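**Q** got a sequence here, can you model it:
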Amino acid sequence: MKKYSAEFIGTFSLVFIGCGAAGISGISSSGPAGIGLLGISFAFGLTVVVMAYAIGPISGCHINPAITISMLTAGKIKTVDAVGYIIAQFSGACIASAVLYLIQSGAPGFMMNEWALGSNGWGPGYLGAYNTTSAFVTEVVLTFLFLLIIFTTTAVWGNSTMAGLAIGLSLVLIHLVAIPITGTSVNPARSLGPALFAGGKALDQLWLFIIAPVIGGILAALVWKGVFENSVETSRPSLN
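**A** Numbering: from 1, shown residues only. Modelled structure (predicted):
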C-alpha cells in the first residue's frame with residue numbers, strides 16, 4: 001500500500017498544482033497573477049521534479065497511467081502492481097480536481113465554462129483550435145518522447161541522481177509545445193479528473209487523452225526493448 005499511496009499523492013499533487021496553475025492563474029487570467037504558457041509549463045514540470053525525489057524511492061513516481069502501462073510493456077512492473085498504480089493515479093487525479101473545483105467555485109462570479117479546471121481539449125473554441133489529427137499526433141509523439149527520456153535516464157548507464165530533474169524538465173519542454181494544441185496531457189489521469197467535473201466537450205474529447213498517450217507509451221517501450229536495451233546489454237563491458 002505504500003507504493004499505491006505514493007502514486008495517489010504524487011498524481012494528486014501533479015493535477016492540483018498543474019491544473020490549478022492553468023485554471024486559476026494561467027493563460028486566461030486577466031489579473032496580475034497571470035503566469036502564462038511558460039508558468040504553466042514549469043508548474044507541471046517542477047511538480048514532477050519534486051515528486052520524483054519525494055516518492056521516487058517508494059513507487060518510482062509514475063503518477064501517470066501511460067508510464068505505468070509502458071513500464072508493464074517493458075517488463076519493469078508486475079501486472080498486479082500496474083493495476084494498483086493506475087487505480088491510485090486516477091483516484092488522485094479525481095480527488096485533486098474535486099478540491100480544485102471547491103476552491104475555484106469560491107471565486108466571485110464563478111462559472112464552469114467549457115474545458116474548465118485546466119481540462120484538455122482541441123478544436124474550435126479551445127486555445128489554438130487545432131484539429132483532431134493534430135491533437136492525436138501531438139499526444140502520441142510527445143508521450144513517446146517522454147517515455148524514451150524516462151527509460152534512458154533511469155537506465156543502468158544513466159545518472160540516477162539527476163534523472164528526476166531531467167524528466168521534469170522534459171515535461172516543461174513538452175508543455176511548451178503542446179499547450180496551444182491540446183493543453184498538454186501525455187497523462188490519462190491528468191485528463192480524466194478535470195474532464196469529469198467540467199463535463200461537456202472536455203468529457204466528450206476525453207477518449208483521445210486516454211488512447212493517444214497509451215499508444216505513445218507502448219511504442220516507447222517497444223523501441224526501448226528492441227533497440228536501446230538490447231544494444232546496451234550486448235555492448236556492456238564484461239566484469240570478468
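**Q** what residue is smack in the middle of the protein?
**A** Central residue of the chain (Cα atoms, centre = their mean): Asn187, 3.6 Å from the mean position.
**Q** helices of this structure, start to end?
**A** Ranges of helices in the chain, per DSSP state H, are 2-25, 36-59, 65-73, 79-104, 132-153, 163-182, 188-198, 200-204, 206-223, 230-235.
**Q** identify the residues contacting Ile174.
**A** Contacts for Ile174 (Cβ atoms under 8 Å, 6 or more residues apart in numbering) come out as 142, 145-146, 184, 186. (C-beta placed from N, C-alpha, C; glycine too.)
**Q** out of these, who's the most crowded?
**A** When the contacts of Ile174 are compared by neighbour count (other Cβ atoms under 10 Å), Val186 ends up highest, at 31 neighbours.
**Q** could you find the closest non-adjacent residue to that residue?
**A** Excluding the flanking residues, the one nearest Val186 by Cβ to Cβ, 6 or more residues apart in numbering is Thr143, at 4.4 Å.
**Q** and the one you found, how many neighbours?
**A** A count of nearby residues for Thr143, using other Cβ under 10 Å, gives 29.
**Q** mind checking how far it is from Leu171?
**A** 11 Å (Cβ to Cβ, to the nearest Å).
**Q** buried stuff in stretch 152-166?
**A** In terms of neighbour count (16 or more other Cβ atoms under 10 Å), stretch 152-166 has its buried residues at 152-154, 163-166.
**Q** can you check stretch 44-58 too?
**A** For stretch 44-58, by 16+ other Cβ under 10 Å, it's 44-52, 55-56.
**Q** thinking again about what came up before, need the overlap of contacts for Thr143 and Leu171.
**A** Jointly contacting Thr143 and Leu171 under the rule Cβ under 8 Å, 6+ apart are Val186.
**Q** can you pull the poorly scored residue ranges out of the protein?
**A** The chain contains residues with pLDDT under 70 at 27-33, 158, 230-240.
**Q** what about 90?
**A** Per-residue confidence for the chain (pLDDT under 90) gives these ranges: 1, 23-36, 107-114, 155-162, 227-240.
**Q** the spatially closest residue to Gly75 that is not a sequence neighbour - how many residues pack around it?
**A** Distance criterion Cβ to Cβ, 6+ apart; nearest residue to Gly75, sequence neighbours excluded, is Lys225 at 7.7 Å. Residues lying near Lys225 (other Cβ under 10 Å) number 15.
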